[in-house]
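1. mind looking at a prediction? Sequence and model below.
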Amino acid sequence: LGASASVLAIVIAVGVREPNYPIQLMFIGTVKLKHVAIFMLLLDLLFMTSGNAGGHIAHLGGALAGWWFAAGLQKGHDATKWINNVLDFFAGGWRPSPRKPKMKVHYSDKQKDYDFNARKKEVIIASTEVSPLQSNLYKVNINTGKRTPLDNSKGVHNGILSASGNYIIDRYSTPDTPRKIEITNTQNKKSVSLLTAKNPYEGFIMPAIETGTIKAADGKTDLYYRLVKPADFDPNKKYPAIVYVYGGPHAQMITNGWMNDARGWDIYMANKGYIMFTLDNRGSSNRGLEFENVTFRHLGIEEGKDQVKGVDYLKSLPYIDSNRIGVHGWSFGGHMTTALMLRYPEIFKVGVAGGPVIDWKYYEIMYGERYMDTPQTNPEGYEQCDLKNLAGQLKGHLLIIHDDHDDTCVPQHTLSFMKACIDAR
């Protein structure tokens, strides 16, 4: 009697909240949870009339335990899980029928799922729909597909959802806000501020940061760039320019986060009298699969073409000294720096490559073969992207920095390239 009372209490508690939840009964078929609750209530009343005093005590204790367990479900636990576990354990043949949503929800601009509000049937996601430079928080109703913004629609947001799904910790920055942390109610969107960080550069003379778009080498795709000018910028002067490049997959250099993701080094060099330029070429992150897949099996080729389009834009600016353009990057950016110096020797006067990938067959399999396939299945791609084959085209000044303990981009990359340069002379 105690066990039956526990199960009854749970079923009724959920039946009140989700009366139309479908349950698959052995030999009967699909019925609604409210009908199961009514049947069990009548059956339990019959058992109670025939029970003794001990049975009534057990019945009362079981009912209290069942209601206590069900109360926890009201705080956000997934009803499906415990219906599967509890009803299946006690009744053997009970199985909840899978419920199909009224519509399928597909978002090409979705970045990540944070969690699920089981009671409200809402998924909390981050999305780039406002701009590829942003990441904003939304709740999406899985039955209707309706999506509702949860933040201020500015900047780059990261969320931590509460267990109930009713609150989210929103950590974000904008070009003018270094960091802000708020707790937001996902139902009424009211927020409480926990932290607003101070500007770490307050009181300093700062350069100007600009963002914009140019067309990629394909002539149709918009690419985002960042331009950092000296604080004492004079449009009548000619400035040397440094292209800071990464260019690889799963990375984005320009966002609407703090200072548009400009680094301290960019700020320092701009105030030393350089124009700092960065471009997110095709193949970089947060622009969709088609955008990323352009570089598949021939890393560095299409990326380089886009970077040259960025240099063309730089040269079109009246204050750029086109005879003094340098390029710098680390890791994949080191590969790009070296490749740009070799494939476009007339453009770049100097390059500084940190830990460059020279030959993709030397790189770690997890990364290299994900984007290049294997050397056996893509020999042409590996040959085309092996920078040792281009060593004889080096004309400018190239500085390579490499750690001899680097176990990811191993020293063989730089050492083999140095040997290729010597042989090419």
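-> Received, thanks.

2. and the strands in the stretch 301-425 of the chain?
-> 320-330, 350-354, 397-401 (DSSP state E, counting those that start in this stretch).

3. how about those strands in JSON lines, adding distance to residue 222, mean pLDDT and mean neighbour count?
-> Backbone N, C-alpha and C define where each C-beta goes, glycine included. Listed next are those as JSON lines, based on distance: least, Cβ to Cβ, whole Å; pLDDT from 0 to 100; neighbours: other Cβ atoms under 10 Å:
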{"stretch": "strand 320-330", "distance to residue 222": "22", "mean pLDDT": "97", "mean neighbour count": "19"}
{"stretch": "strand 350-354", "distance to residue 222": "27", "mean pLDDT": "98", "mean neighbour count": "21"}
{"stretch": "strand 397-401", "distance to residue 222": "31", "mean pLDDT": "98", "mean neighbour count": "15"}
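
4. and residue 209, bridged to which residues?
-> On the basis of DSSP bridges, residue 209 is bridged to residue 228.

5. surely it touches residue 259?
-> Yes: between residue 209 and residue 259 there is a contact at 5.9 Å, judged by Cβ atoms under 8 Å.

6. what do those two both touch?
-> residue 175 (Cβ atoms under 8 Å, 6 or more residues apart in numbering).

7. which of the two has more neighbours?
-> With neighbours defined as other Cβ atoms under 10 Å, residue 209 and residue 259 compare such that residue 259 has more, 22 against 18.

8. now do the SS call for residue 115.
-> strand (DSSP: H, G, I helix; E, B strand; the rest coil).

9. how close does it get to residue 175?
-> 29 Å (Cβ to Cβ, to the nearest Å).

10. same question for residue 191.
-> To residue 175, residue 191 is 20 Å away according to Cβ to Cβ.

11. likewise residue 254?
-> Distance of residue 254 to residue 175, given as Cβ to Cβ: 11 Å.

12. need the strands of the stretch 301-425 of the chain in CSV with distance to residue 145, can you?
-> Output for these, formatted as CSV (distance: least, Cβ to Cβ, whole Å):
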stretch, distance to residue 145
strand 320-330, 41
strand 350-354, 46
strand 397-401, 50
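
13. among these, which comes closest to residue 160?
-> Nearest of the strands of the stretch 301-425 of the chain to residue 160, taken as Cβ to Cβ: strand 320-330 at 30.3 Å.

14. quickly run through the sheet partners of that closest one, with directions.
-> Checking strand 320-330 against DSSP bridges gives partners strand 239-244 (parallel), strand 350-354 (parallel).

15. elements contacting whatever helix or strand comes next after the first one?
-> Next helix or strand after strand 239-244 toward the C-terminus (DSSP states H and E): helix 264-270. Using 3 or more Cβ pairs under 8 Å, 6 or more residues apart in numbering; DSSP states H and E as the contact test, the elements touching helix 264-270 are strand 222-229, strand 239-244, strand 275-279.

16. contacts made by stretch 378-388 with the rest, please.
-> Residues from elsewhere that reach stretch 378-388 (Cβ under 8 Å, 6+ apart): 297-301, 335, 338-339, 342, 356, 358-361, 372-373, 375, 389, 416-417, 420.

17. now that stretch: average pLDDT?
-> For stretch 378-388, mean pLDDT is 97.

18. one more: stretch 283-299?
-> Averaged over stretch 283-299, pLDDT sits at 95.

19. got any ranges where the protein has weak pLDDT?
-> Within the chain, the ranges that satisfy pLDDT under 70 run 1-114.

20. what about 50?
-> 69, 73-108 (pLDDT under 50).

21. buried residues, stretch 170-179. List them.
-> Neighbour-count burial for stretch 170-179, counted by 16 or more other Cβ atoms under 10 Å, picks out 170-175, 178.

22. can you tell me the distance between the two ends of stretch 349-358?
-> 20 Å (Cα to Cα, to the nearest Å).

23. what does stretch 148-162 give?
-> Start-to-end, stretch 148-162 (Cα to Cα) is 18 Å.

24. contacts for it?
-> With Cβ under 8 Å, 6+ apart as the test, stretch 148-162 has contacts from 76, 114-115, 124, 126, 130, 134-140, 167-175, 177, 184, 186, 189, 255-257.

25. next: stretch 318-331.
-> 233-248, 275, 307, 311, 314-315, 335-337, 340-341, 347-357, 409.

26. where does the spatially closest residue to residue 199 that is not a sequence neighbour sit: helix, strand or coil?
-> Spatially, and ignoring its direct neighbours in sequence, residue 199 is nearest to residue 178 (5.9 Å; Cβ to Cβ, 6 or more residues apart in numbering). On the three-state scheme (three-state DSSP), residue 178 is labelled strand.
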